[in-house]
Structures are given as C-alpha cells and as structure tokens.
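# below are the sequence and a predicted model; questions follow.
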Amino acid sequence: MVGIKAFDAEGKATYADVIRGIDWALQVKDQINLRVLNMSFSGPARSYYWEDPLNQAVMKAWQAGIVVVASAGNTGPDPMTIGVPGNVPYVITVGAMTDNYTETNTSDDKLATFSSAGPTFEGFVKPEIVAPGGHLAGLMAFDTQIVQEHPEFHDGGYYFEMSGTSQAAGVVSGVVALMLTQDPSLTPDEVKCRLMDSAHAAFKDNGQLAYSVFQQGSGVVNAKDALASTASACANQALDIAQDIAGEDHFFGPANINDDGNFYIEGMGDEYIWQLGESNLGGDTLLWRMNFDENAQGWRNIASTDTLLWRMNIETDTLLWRMSLESNTLLWRMSVDNPSTTNINVNNWVEQQ
C-alpha cells in the first residue's frame, strides 16, 4: 500500500493538489503495480461530472486500468447528495452501513443515516455498493486535528475509531485488492461488475427491498462471493469512457422523477421507486441476501445521451435542484474555471453508529 498525501493537517486541499496526486499515481502505476486508488474524500458537485477537472483526472485513471474506489460522502440521508469524485459514473462509489454494534447478529444491521444517496445530477444510480462504515478502527496519529477534537475515540496508541463512507470505501478497496491478487487480469469494469453482482441487497421480511437502490446500490459488499464471482459485462457497458474524456459524447443515467416527486428508474418496476416520504432508516429486521432475479439490476447498464432527462420542475426542501425544459443548464451550477483555488475536504465528522 502506498499513501499519496494531498491533504493538509486540517484535511483540506485544492483540486490541483488532488489532481497532482492522481497524476503521480498514473506515472508510477506500472513500477509499483498500483491497481487500486482509494479516494476517501468528497466535495460538492458544481458541474456535470464530465466538466469537473478532478473527475476528469479520475476518469483517466480508470481508463488507464486503475480501479478507483470513492466514498459517497457523509451528507445523507437526503437524495442527490453524492459528492465529487463519487459522482463519476464509471468508478465504484461506496456508501456506509453499520452492524449496530452486534457483530454476530445481522438482523439489526442498517444503512448509516449519514451515508449520501443518489441519484447523481446526471441521473446515475449511486452508490453502487455499501460497506461497513458505522464505526471502524484504523491507524491514526494521536496528534492529528481530528483526534485532538475527539480524543475519546483514540486508544492512546495507534488506532482511532471513526465512522463515515471514507471508512466504507477503504473496506471495498481491500476487497478489490483481494480480487486483483486472485486474478490480476481483471479490468476495472470487470471488478466493478463482480462487486455489484456479488453484493447482498437488504430486504424486508416481506421480500421487498429495505432500501432504495439510490441508497444501497446493489447491496452490502461480500468478499467471499466477490472472489467467487465469474460475472462479466455487467458494468459500464453503455458508457464510452474514451469518447467521454475526449468530449465527443457524455452520458446520463436512467433515474427520473415521477408526478409524485419520487425518484424511479426508467424501464424498471415499482420496486425501484424511492418513496421519499417513507423513512426506512429505523433499523427494522433486515435480510442481507443475494438477489437472484437476473433482471433486477438492469439499471447497471442503462445510460443515455438525452439532455432532457429531468422532465419536471421540482421545488421542494427535500431536493437540491431544479431543471427547466427550456434550458439544459442546472440552476445550482457554479464556476470551477480556476481549479487551483477550488477547495475539497475530507469527509466531515459524523457520530459513530
């Protein structure tokens, strides 16, 4: 494992800092066999994914054969809260779940309330997968700012317990490393396909999805099943990263909004409508199991170049955007013409769950 330091002691960096780190990874990837790039941070989306300079660098890394794993962000549970670079459709974006402090009892596992949810502003389903992130211990020096602010979670030696989608992304990066150790020939698209194919979605006792796909994606990561998976051609097949990077074509996902203001996936059944008024984060009995319906995750390979994907005007406190049919300009869009001074932060502190 190689640490690429782009953030300062306060957890802040500019776009240029992070882009230089990604560029260094591309330069040395063959010499050190760098195959996985964990990006446990996020910033607000200020443009379409393809216009963002940081996202462009991430896409080039993916195109070069590096599996990029990004955290979804810690600004959930509201929809459309996925940050940069997790909003890149090609990469593996990771949300967080928790075992509720009962390791051997999976029935009380639940999605972490802070975990950011999709869809992205371009209509893609995110995150693709969730992983443990409610409370994980990791190496962290005792004199870092976050430890100074929360000393109760440090063991006094080397380990610090923290929660967040950053931790969940680290878990998935470890699973990806195992997959590539077992089969070094896997491409980033194949790794993503097998991770999603082998994930265990959360279901209620009645067989219905416990969480929307915009919250849990394909479900919780499962290392054993990911290593055993032989799935192929089930991720990013409707996208063309070369054309995307070249600016020749860009893509929108299958998400849309119905007349009730709820997100759904075009061409899929009622089970893929996210009823925003219904809270499902209360921790009812869940079953994390494999979904054997071959057509249940057809959203993984749906993309469009339709620039009028959002066909409604929405104005509500729950949603963060508005779109007009008369214009394809997003009203929240801000300028990122000077990326060297645009800041991006590590994911914000969230309480243990």
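All right, it came through fine.

# verify the stated contact: Phe124 with Thr93.
No: using C-beta atoms under 8 Å, Phe124 makes no contact with Thr93, being 9.1 Å away. Just so you know, the C-beta spots here come from the backbone N, C-alpha and C atoms, and that holds for glycine as well.

# list residues touching both of these two?
Listed as contacting both Phe124 and Thr93 by C-beta atoms under 8 Å, 6 or more residues apart in numbering are Asn87.

# nearest spatial neighbour of His250, skipping sequence neighbours?
Trp50 (4.8 Å; C-beta to C-beta, 6 or more residues apart in numbering).

# so what's the one you found up against?
56, 59, 244, 247, 250.

# for it, phi and psi?
Backbone torsions of Trp50, given as degrees, to the nearest 10, read phi -80, psi -10.

# against which helices or strands is the strand or helix carrying Trp62 packed?
If you go by DSSP states H and E, Trp62 is part of helix 53-63. For helix 53-63, the packing partners by 3 or more C-beta pairs under 8 Å, 6 or more residues apart in numbering; DSSP states H and E come out as helix 15-32, strand 67-71, helix 241-246.

# ok so, going back, and Phe124 and Thr93? Which one has more around it.
The residue with more neighbours, out of Phe124 and Thr93, is Thr93; 35 against 26, by other C-beta atoms under 10 Å.

# what's downstream of the helix or strand harbouring the more buried one, the next helix or strand?
If you go by DSSP H and E, Thr93 is part of strand 92-98. Next helix or strand after strand 92-98 toward the C-terminus (DSSP H and E): strand 110-111.

# tell me the strands beside that following strand, with direction?
When pairing is defined by DSSP bridges, strand 110-111 lines up against strand 92-98 (antiparallel).

# alpha carbons of the partner strand, as PDB, please.
Only the C-alpha atoms of strand 92-98 are listed here, as PDB (Å, rounded to 0.1, in the frame of the first residue of the first chain):
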ATOM      1  CA  ILE A  92     -17.100   2.300  -7.700                       C
ATOM      2  CA  THR A  93     -18.900   4.600  -5.200                       C
ATOM      3  CA  VAL A  94     -19.300   3.300  -1.700                       C
ATOM      4  CA  GLY A  95     -22.000   4.100   0.900                       C
ATOM      5  CA  ALA A  96     -21.900   3.100   4.600                       C
ATOM      6  CA  MET A  97     -23.900   0.600   6.700                       C
ATOM      7  CA  THR A  98     -23.400  -0.500  10.300                       C
END
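
# if anything else comes up later, I'll come back, but that's it for now.
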